[in-house]
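S.K.: predicted model and sequence follow; I will ask about them next.
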Amino acid sequence: MKIGSFMVPIYRLRVLLRSVVVFFKEYPDGGITRQQLADVMKVKVSSGGLTQKISDLKNFGLLEQKDGLFFLTDLAKRCVGSESDVQQKTAIEEAFKHVDLWKALWEKMGYQIILDNFLSEISEFTSTPVEQFRDKENDLLYSYVEDLSCFIPYNTITETVRAIPENRLYYANPSSRENNRAGKPSVEPVGSIEYPEYSKAPIVIKDALSFKIAEQLLQAMKLKLIQNGVNLDEGNK
């Protein structure tokens, strides 16, 4: 996604960090080919998805390329290989700020997101009229919050955006996403999570924001398990 001359990664930071974990585990010294990188990313070597992930990893300062080979940057290694949570959090924040637009928004509003000012701040920083990217507002807001939640607790961020109507953010289910694109709020339950040890029936979450918080907490737990060497490809995920 491009606003003026500034690029916003298509893939979210959390997704890319999961790939970095696998890369670091399998090739700690780096120097891998495009095919090997595709295997790490679990995409076809000729796919546009791989090209986009490479671009986004570089945008976050996590990947570099030398003589046709790919290496994790020192920042990437600190994001997934730091000995303490504090060091890891600091590194992830640094990766977040490696995206110029995110850094500018962070310096202006941090996680205290003021919806009325969101587009105008982007417009001012990128020297681009709001009218040229107003249709990307949902994408930009969602992407900023998602990447921010990698080092700021998600519920802390969402407390500041609770006033945002549901049709101003993307949520988990496709029908809600399509409604959002059409500018219509979703009133249907957005998902359910099964906890058989507590309940025989799935827990249905009707509030989109609560579902997103639960989803992000589970993703964070998954990333932590991968970092601790747990193979999630075997058994239940």
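M.R.: That came through, no problem. Numbering: from 1, shown residues only.
S.K.: where does pLDDT dip in the protein?
M.R.: 155, 158-220, 222-224, 226-237 (pLDDT under 70).
S.K.: quick one: the strands in it?
M.R.: Taking DSSP state E, the strands of the chain run over residues 2-3, 6-7, 63-66, 69-72, 191-193, 203-205.
S.K.: tell me the contacts of residue 49?
M.R.: Residue 49 is in contact with 41, 43, counting by Cβ atoms under 8 Å, 6 or more residues apart in numbering. Backbone N, C-alpha and C define where each C-beta goes, glycine included.
S.K.: residue 41 and residue 19 touch, don't they?
M.R.: Yes. The pair residue 41 and residue 19 passes the contact test of Cβ atoms under 8 Å, sitting 5.4 Å apart.
S.K.: overlap in contacts, these two.
M.R.: Common neighbours of residue 41 and residue 19 (criterion: Cβ under 8 Å, 6+ apart): residue 53.
S.K.: would you list every one of the helices in the chain?
M.R.: For the chain, applying DSSP state H gives helices covering 13-26, 34-41, 48-59, 74-81, 85-97, 100-109, 115-126, 137-148, 154-160, 174-181, 208-227.
S.K.: okay, now residue 116: neighbour count?
M.R.: Per other Cβ atoms under 10 Å, the neighbour tally for residue 116 reads 6.
S.K.: same check on residue 96?
M.R.: Residue 96: 21 surrounding residues under other Cβ under 10 Å.
S.K.: that one: what's it in contact with?
M.R.: Residue 96 touches 13, 60, 102-103, 106, 147-148, 150-151, counting by Cβ under 8 Å, 6+ apart.
S.K.: let's see that with 6 Å instead.
M.R.: Residues near residue 96 by Cβ atoms under 6 Å, 6 or more residues apart in numbering: 102, 147.
S.K.: from residue 84, how far off is residue 151?
M.R.: Per Cβ to Cβ, to the nearest Å, residue 151 is found 14 Å from residue 84.
S.K.: picking that back up, now tabulate the helices of the chain in JSON lines and tack on distance to residue 7.
M.R.: Below are the helices of the chain laid out as JSON lines (distance: least, Cβ to Cβ, whole Å):
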{"stretch": "helix 13-26", "distance to residue 7": "14"}
{"stretch": "helix 34-41", "distance to residue 7": "19"}
{"stretch": "helix 48-59", "distance to residue 7": "6"}
{"stretch": "helix 74-81", "distance to residue 7": "18"}
{"stretch": "helix 85-97", "distance to residue 7": "14"}
{"stretch": "helix 100-109", "distance to residue 7": "8"}
{"stretch": "helix 115-126", "distance to residue 7": "11"}
{"stretch": "helix 137-148", "distance to residue 7": "12"}
{"stretch": "helix 154-160", "distance to residue 7": "23"}
{"stretch": "helix 174-181", "distance to residue 7": "22"}
{"stretch": "helix 208-227", "distance to residue 7": "24"}
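S.K.: which ones are touching residue 62?
M.R.: Under the criterion of Cβ under 6 Å, 6+ apart, the neighbours of residue 62 are 20, 73, 76.
S.K.: how about it, nearest residue that isn't a chain neighbour?
M.R.: Leaving aside its chain neighbours, residue 62 sits nearest to residue 76 (3.9 Å; criterion: Cβ to Cβ, 6 or more residues apart in numbering).
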